[in-house]
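Visitor: Pasting the sequence and the predicted coordinates here, then a few questions.
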Amino acid sequence: MKVQDFATFKLSDYNISDDYGFILQEPLDTLPSYYEPWMNIADNLTALIETKRLREKVQRMPELGIQHLKDYKEKVLARVLLSHIVMGYVWQDADQGVVKVLPRTLAIPYCHLSKILGLPLIMVHADFVLANWKRKDALGPLTMENLSTIVSLPGGNSLQGFVLVTLLVEVAAIPGIKAVVQAIKALLTEDRPTLLQALRNMAQSIQNMGEALQLMYDYVDSDIYYNTIRIFLSGWKDNPSMPNGLLYEGAVDEPLCFSGGSAAQSTVFHVYDELFGINHQPESFDFLLKMRQYMPPAHSSFIDWVKGVPKLSVYVQQSADLDLLSAFNMCVSTLTDVRSLHIRIVSKYVTTAGARARVKGLAAGSGAQHLQERGTGGSLAMTFLKSVRDTCKGGLLKKSTAADC
Ligand code: HEM
């Protein structure tokens, strides 16, 4: 990449907002009246699932076309609503009475919309979090107190907390993503003072992401997460309760398999790994690469763009500038710390909560038999997460000494 390539660079070309990062800026929360049948179901989704009436409702739903969705935001909202309805439809009865077919009333518009938006036929992080938020007070800040989801799933306040804490991690990442672009430009122009400042801004932003992540402990109950929430994020790939995947009736001829929703589909961490030159172990990297297919295509193209720039780690190492090296290492070690915190969270919300559920004999009824200690994205959670964290730590640069030259 050359300096002149920067002349036309705009974050918005990658569907990234200067003010909101990867989050969809001010999502709509209502569709045109033609789509009232979808809105009605989405508004009552939790109650319909809990009273086991959702499947019947969906089967009786009229088959609506997507031609009345005028612009991008309406299409995104429609996809958010339908994605949640799909997850509710499939997992209404948890592992018992799993469906093999998604009825055409839901499958046809869902497949059309997903094709236009370039997303897989299952709910992803972008549906569950990035476009699923609204302010209670329209002029108020992006804080826990002033936010709610547009559409919800079972899990009550913990479900709200889970979505909104994840959103706040994305909010904390916004200045860091801007600093990534600033750093790349400074790297290309060899503007060391600006590069130093950009790295310091990134380190601060990554630290703020960790502080936001910590809120999980305050807002999400681990038993509710383990026994209720995660079933609705599960996928139908490598899932013994849906060995053949799901048939999207009237839209696709063969059943298809997709991984469940996971914040491994958040673009932020992938961008940092590419920028800092973190080379994950092949198996972990393979999983992370698959997760890029579950991101809005423009966001995963941004990762490719970052990957294409000259190696920042090589530049910093060769510069022998101790301030740059220490700012670079601060970024990598803070990212490692966030990953260690995330591992502690998974230990509480998956490992320990799972053990408790098994002691109480809840596991059989929890509906997440196939998940056990797997992540909702389908990875062998702890092995994968520790490998990713340790490789991240391995990205720290050493001070070069005279002997290295
Ligand atoms: C109760 C809260 C959470 C739990 C139990 C949890 C669990 C997991 C699990 C099990 C994985 C492994 C992949 C999979 O199979 O899904 C994973 C991956 C990941 N999660 Fe979370 N997660 C939580 C919250 C978050 C939040 C709020 C974020 C930040 C946006 C996040 C970011 C990630 C990332 C980036 C990965 C990929 C691994 C990495 O790059 O380090 N997670 N999560």
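Guide: Sure, I can see it.
Visitor: make it CA atoms for all contacts and neighbour counts henceforth
Guide: Fine.
Visitor: To what extent is V124 buried, counted in neighbours?
Guide: 28 (other Cα atoms under 10 Å).
Visitor: now do Q67
Guide: The local packing of Q67 (other Cα under 10 Å) involves 9 other residues.
Visitor: quick one, phi/psi of it?
Guide: Backbone geometry at Q67, expressed as degrees, to the nearest 10, gives phi -70, psi -20.
Visitor: where's it relative to P120, distance?
Guide: Distance, Q67 to P120, using Cα to Cα, to the nearest Å: 20 Å.
Visitor: Contacts only, for S313.
Guide: 276-277, 328, 397 (Cα atoms under 8 Å, 6 or more residues apart in numbering).
Visitor: Would you reformat those residues as TSV and include pLDDT and distance to A7?
Guide: What follows is the contacts of S313, written out as TSV (pLDDT from 0 to 100; distance: Cα to Cα, whole Å):
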residue	pLDDT	distance to A7
F276	98	24
G277	98	25
F328	98	26
L397	97	31
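Visitor: any idea which of those residues has the most stuff around it?
Guide: Going by other Cα under 10 Å, F328 tops the contacts of S313 with 26 neighbours.
Visitor: contacting residues around whichever strand or helix holds it?
Guide: Assigned by DSSP states H and E, F328 belongs to helix 322-346. For helix 322-346, contacts defined as Cα under 8 Å, 6+ apart pick out 192, 195-196, 199-200, 202-203, 206-207, 209-210, 213-214, 216-217, 276, 313, 316-317, 382, 385-386, 389-390, 392-393, 395-397, 399.
Visitor: Run through these and flag the ones next to the ligand.
Guide: 213, 385 (Cα under 6 Å from any ligand atom).
Visitor: From the contacts of helix 322-346, which land in helices?
Guide: With DSSP state H as the criterion, helices contain 192, 195-196, 199-200, 202-203, 206-207, 209-210, 213-214, 216-217, 276, 313, 316-317, 382, 385-386, 389-390, 392-393 from among the contacts of helix 322-346.
Visitor: are any of the residues you listed buried, and which?
Guide: For the ones in helices among the contacts of helix 322-346, a burial check counting by 16 or more other Cα atoms under 10 Å picks out 192, 195-196, 199-200, 202-203, 206-207, 209-210, 213-214, 216, 276, 313, 316-317, 382, 385, 389, 392-393.
Visitor: residue contacts, the closest residue to N279 other than its chain neighbours?
Guide: Sequence neighbours aside, T391 is the residue nearest to N279 in space, at 6.8 Å (criterion: Cα to Cα, 6 or more residues apart in numbering). Contacts of T391 were listed using Cα under 8 Å, 6+ apart, and they are 278-281.
Visitor: quick check, nearest of those residues to the ligand?
Guide: Closest approach to the ligand among those (Cα to the nearest ligand atom): H280, at 9.7 Å.
Visitor: Tell me how far the closest residue to the closest one other than its chain neighbours lies from Y315.
Guide: Leaving aside its sequence neighbours, H280 sits nearest to T391 (Cα to Cα, 6+ apart; 5.7 Å). Using Cα to Cα, we find T391 at a distance of 20 Å from Y315.
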